[in-house]
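>>> Sharing a sequence plus its predicted fold:
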Amino acid sequence: MHELAMATQLVENVLEEAKRYEAKKVAEVHLTIGKLTFLGIEQMRFSYDILTKDTIMKDSKLIITEQDGVIECQSCGYKGKVPIEDDPAYHVPVPTLRCPKCGEAARIVEGKECTITSIRVLKQQECKDDCKRCC
Amino acid sequence: MTDKEIVKGEEVTLEIKPGMNILEVNKQLAQKNKELLQKHNVKAIDIMGSIGAGKTSLIEQLVQALKQKYRIAVFKGDLTTTIDAERIGRHGVKVVTINTGLECHLDANVVARAVERISLQDIDLLIIENVGNLICPAEFPLGTEKRVVVVSVTEGPYMVLKHPFTFMTADVMVVNKKDLAEIMKIDTNQLAKQAKDIKPDMKFAITNALTGEGIEDLIKALEL
Ligand SMILES: Nc1nc2c(ncn2[C@@H]2O[C@H](COP(=O)(O)OP(=O)(O)OP(=O)(O)O)[C@@H](O)[C@H]2O)c(=O)[nH]1
Ligand SMILES: [Mg+2]
Ligand SMILES: [Zn+2]
């Protein structure tokens, strides 16, 4: 539901990076979204397209990778995917923070991120001393 | 950091690896809030839950029960109105309304702004009522010591199962509107058990926010 706000921050950050590297155009943005966030991928794309329309990010590709949730148990050291248990009353699968090894409460260590992992930009080649083409 | 450069005519493509976590921005601000509140010995509680779950009613009961023991301030996140702020204000505590406009949640930044409007020296307990919404607020920690999720029995038997990731972010669960459980054919203990299956260290209180029944359990669960 708050994808627009997150996408706004994403676009601002990418534009800032692109400016820092004096890019002319942004071609690709790679984003990792954790499965334990409340961010919808389709809504993210929708906001992205709207927000980039009048910028150097127009028509750039937004490539999203999903990150599974990972928990870590401080009691026994277990680290792994968020376990799924069956609810006894309704027989539906539910994720849990209960450590599958010792039963203690574990904490989330991965799956809550929304990270810009890489950006591909186009920029004018810098002139070398022996450049014959452009100087 | 520049990873590689590929020559392509007069243009080069650059791959930049910022490794920037957008959600981390809020987390860092939340950490700052937490440190500031701790420095002033202020305990802080964030109360989230669906629209109409009973957040304001519970806060009124908490304030009533605790105002002799603590100097209390309340932040109220509301889309546009000040109705809840007025309800809480009647109990003689300081209330700051945070109008969120169209935002579906409070975040650590608006809470930091609200903290600037009160004097932390003059309070010991800060209660924050989040925007009525069981999903979005869970994404944004505010920097409180404890987080409460309120579910009322009138929301039906599936609220916990449908929103496991919200419950994972909470320390205390309140099952409210206990008086209506029988009419709604809801087993309050089952709701609590479902949440405990998701979050083994969850604490519980089963309440009637109209009469104050169960408020003592909530106070105990909050370690207040
Ligand atoms: N029967 C019954 N009604 C309750 C209980 N707690 C709250 N209510 C009623 O439920 C309605 C909503 O309660 P609020 O406290 O305003 O709920 P809220 O979560 O603050 O609502 P929003 O701020 O609008 O999201 C009011 O009419 C309350 O009187 C309860 O334990 N039992
Ligand atoms: Mg309210
Ligand atoms: Zn363990």
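Ah, there it is. Ligands and ions are numbered 1, 2, ... in the order given.
>>> all contacts plus neighbour counts: C-alpha atoms, from now on.
OK.
>>> just so I have it, where are all the helices in chain A?
A:3-20, A:41-52 (DSSP state H).
>>> Dump the longest one to CSV, restricted to CA.
Written as CSV, here are the backbone C-alpha positions of helix A:3-20 (Å, rounded to 0.1, in the frame of the first residue of the first chain):
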residue,chain,number,x,y,z
GLU,A,3,4.7,1.3,-2.7
LEU,A,4,4.4,4.8,-4.1
ALA,A,5,6.3,6.3,-1.2
MET,A,6,9.0,3.6,-1.5
ALA,A,7,9.2,4.0,-5.3
THR,A,8,9.6,7.7,-4.8
GLN,A,9,12.5,7.2,-2.5
LEU,A,10,14.0,4.6,-5.0
VAL,A,11,13.8,7.0,-7.9
GLU,A,12,15.3,9.8,-5.9
ASN,A,13,18.2,7.7,-4.8
VAL,A,14,18.9,6.4,-8.3
LEU,A,15,18.8,9.9,-9.8
GLU,A,16,21.2,11.0,-7.2
GLU,A,17,23.6,8.2,-7.9
ALA,A,18,23.3,8.8,-11.7
LYS,A,19,24.0,12.5,-11.2
ARG,A,20,27.1,11.7,-9.1
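>>> Does stretch B:135-151 reach chain A?
Yes: judged by CA under 8 Å from any CA of the partner chain, stretch B:135-151 comes into contact with chain A at B:Ile135, B:Cys136, B:Glu139.
>>> start to end distance for that stretch?
In stretch B:135-151, first residue to last residue: 12 Å (CA to CA, to the nearest Å).
>>> The one helix or strand B:Lys32 maps to versus helix A:3-20: what angle between them?
Applying DSSP states H and E as the criterion places B:Lys32 in helix B:22-39. Per axes from the mean of the first three to the mean of the last three CA atoms, to 10 degrees, the angle that helix B:22-39 makes with helix A:3-20 is 100 degrees.
>>> now the angle from the helix or strand just after helix B:22-39 to helix B:22-39?
The helix or strand immediately downstream of helix B:22-39 is strand B:43-49, counting by DSSP H and E. Between strand B:43-49 and helix B:22-39, the angle comes out at 140 degrees (the same axes, to 10 degrees).
>>> other SSEs contacting whichever helix or strand comes after strand B:43-49?
Following strand B:43-49 in sequence order, the next helix or strand is helix B:55-66 (DSSP H and E). Counting contacts by 3 or more CA pairs under 8 Å, 6 or more residues apart in numbering or on different chains; DSSP states H and E, helix B:55-66 packs against strand B:43-49, helix B:83-89, strand B:125-129, helix B:215-221.
>>> What is the burial count for the residue in chain B that ligand 3 sits nearest to?
Nearest residue of chain B to ligand 3: B:Pro200, at 11.7 Å (CA to the ion). Residues within reach of B:Pro200, counting by other CA atoms under 10 Å in any protein chain shown, total 20.
>>> if I look at the residue nearest to it when sequence neighbours are not counted, how far off is B:Glu182?
In this structure, B:Pro200 finds its nearest non-sequential neighbour in A:Ala105, 5.3 Å apart by CA to CA, 6 or more residues apart in numbering or on different chains. According to CA to CA, A:Ala105 and B:Glu182 sit 32 Å apart.
>>> what do you get for B:Val172?
In terms of CA to CA, B:Val172 sits 23 Å off from B:Glu182.
>>> The two: who's more crowded?
Ranked by neighbour count (other CA under 10 Å), B:Val172 and B:Glu182 place B:Val172 first, with 23 against 11.
>>> hey, what's the more buried one bridged with?
B:Val148, B:Lys203 (DSSP bridges).
>>> just checking, it touches B:Phe204?
Yes: the pair B:Val172 and B:Phe204 passes the contact test of CA atoms under 8 Å, sitting 5.6 Å apart.
>>> Please convert the helices and strands packed on helix B:55-66 to a markdown table, extending it with mean neighbour count and distance to ligand 1.
Formatted as a markdown table, those follow (neighbours: other CA atoms under 10 Å in any protein chain shown; distance: least, CA to the nearest ligand atom, whole Å):
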| stretch | mean neighbour count | distance to ligand 1 |
| --- | --- | --- |
| strand B:43-49 | 24 | 6 |
| helix B:83-89 | 17 | 7 |
| strand B:125-129 | 24 | 8 |
| helix B:215-221 | 17 | 10 |
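>>> ranking those by mean pLDDT, which is last?
Here the lowest mean pLDDT among these goes to helix B:83-89, at a mean of 90.
>>> Show me the contact partners of it.
For helix B:83-89, contacts defined as CA atoms under 8 Å, 6 or more residues apart in numbering or on different chains pick out B:Thr56, B:Ile59, B:Glu60, B:Val74, B:Lys76, B:Val95, B:Val96, B:Thr97.
>>> mind putting the helices and strands packed on helix B:55-66 in CSV, distance to A:Thr96 included?
Listed next are the helices and strands packed on helix B:55-66 as CSV, based on distance: least, CA to CA, whole Å:
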stretch, distance to A:Thr96
strand B:43-49, 20
helix B:83-89, 34
strand B:125-129, 26
helix B:215-221, 21
